[in-house]
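Colleague: attaching a predicted model along with its sequence, questions to come.
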Amino acid sequence: MSKQASLSVAPSRWTQFYALTKPRVVQLIVFCALIGMVLAVPGWPTADQWLHMGLACIGIWLVAGAAAAFNCLVERHIDARMKRTSWRPTARGELTSQQALAFSAILCTLGALVLLLCTNPLTMWLTLATFVGYAVIYTVVLKPATPQNIVIGGASGAMPPVLGWAAMTGQVGPEALILFLIIFLWTPPHFWALALYRVEDYRQSGLPMLPVTHGSEYTRLQILLYTLILFAACMLPFMYGMSSWLYLVVAVVLSVGFCGYAFALWRNYSDQLSRKTFRFSLIHLSLLFLALLLDHYIWLG
């Protein structure tokens, strides 16, 4: 192979490795971690604190990317049977198991070092525990074993604000646990809305997702119940004094919207409505945390 041909192949290979990190998912993880960092700092952060946050975000991104890559490795055969994931490099055989494992190990090691050297040991250990929770406990143990996999495994996905808070304070405060609870309760209705219109994919994969094991009507009822409980949890930042009226208004509007989608989905199902519910859940969490950020600076100083 000529040197020119080798250079033309290289970008494609890097793109394949990058795809293993599930960029859009990891971006949301880092965003939620950053919110935790910012809320942990009273007032406007100093230049040193911004640098500290940036390095912490890099470390969290690396470990989160490592967990995503390990997930792609473990589920490569399942991914190959699902339209939604059949394009992944591990599912298509474009990257070998050894390459994916080495990539995951390198990212995890680098991320752990960044967190240890640039933040604190607590953040490093919590982030590594999150890696184990998602990549091993959820992916390997829970996901193929129980339809409650996303509920139990959702604890790992709810950790980013806790990691961010620990990175800036060296401890886990009640404020971080409130943010954890919000994401923990948000995860099941978010994921089940996706699983509803992808139910044939999951049935073909053999995974015991709730719509496959318990049917559409039961899953839709669970989505509605979770959104109602989530509504209450979204009020906690205001009730605890973490935020002011700006956040409260946004949280109420978003929560009413999410419950409205869930109620409509429960009463009259369609794949189109399920897709809209899934997309709104992403908007819900993003704007909710953005409102917390804006409220923190506008009202709390």
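Modeller: Structure's in. What do you need?
Colleague: kindly export stretch 96-106 (C-alpha atoms) in CSV.
Modeller: What follows is stretch 96-106, C-alpha atoms only, in CSV (Å, rounded to 0.1, in the frame of the first residue of the first chain):
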residue,chain,number,x,y,z
THR,A,96,-11.5,-6.2,16.1
SER,A,97,-12.3,-7.1,19.7
GLN,A,98,-8.7,-6.6,20.6
GLN,A,99,-8.7,-3.1,19.0
ALA,A,100,-11.9,-2.1,20.8
LEU,A,101,-10.6,-3.4,24.2
ALA,A,102,-7.2,-1.7,23.8
PHE,A,103,-8.9,1.6,22.9
SER,A,104,-11.3,1.4,25.9
ALA,A,105,-8.4,0.5,28.2
ILE,A,106,-6.3,3.4,27.0
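Colleague: buried sites along stretch 278-296?
Modeller: For stretch 278-296, a neighbour-count test (16 or more other Cβ atoms under 10 Å) marks 278, 280-281, 284-285, 288-289, 291-293, 295-296 as buried. Heads up, the C-betas are built off the backbone N, CA and C, glycines and all.
Colleague: what of stretch 233-242?
Modeller: For stretch 233-242, by 16+ other Cβ under 10 Å, it's 233-234, 236-238, 242.
Colleague: same question, stretch 12-32
Modeller: 16-17, 19-22, 26, 28-32.
Colleague: include pLDDT when you put those residues into CSV, please.
Modeller: CSV is the format used below for the buried residues of stretch 12-32 (pLDDT from 0 to 100):
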residue, pLDDT
Q16, 87
F17, 88
A19, 88
L20, 87
T21, 89
K22, 89
V26, 91
L28, 87
I29, 90
V30, 93
F31, 90
C32, 91
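Colleague: for burial, what's the neighbour tally of V41?
Modeller: Residues near V41, counting by other Cβ atoms under 10 Å, number 17.
Colleague: no no, N268
Modeller: 9.
Colleague: pLDDT score for it?
Modeller: Per-residue pLDDT puts N268 at 93.
Colleague: cool, and V141?
Modeller: 78.
Colleague: same check, this time on the one 3 residues further on
Modeller: Among the per-residue scores, P144 shows a pLDDT of 75.
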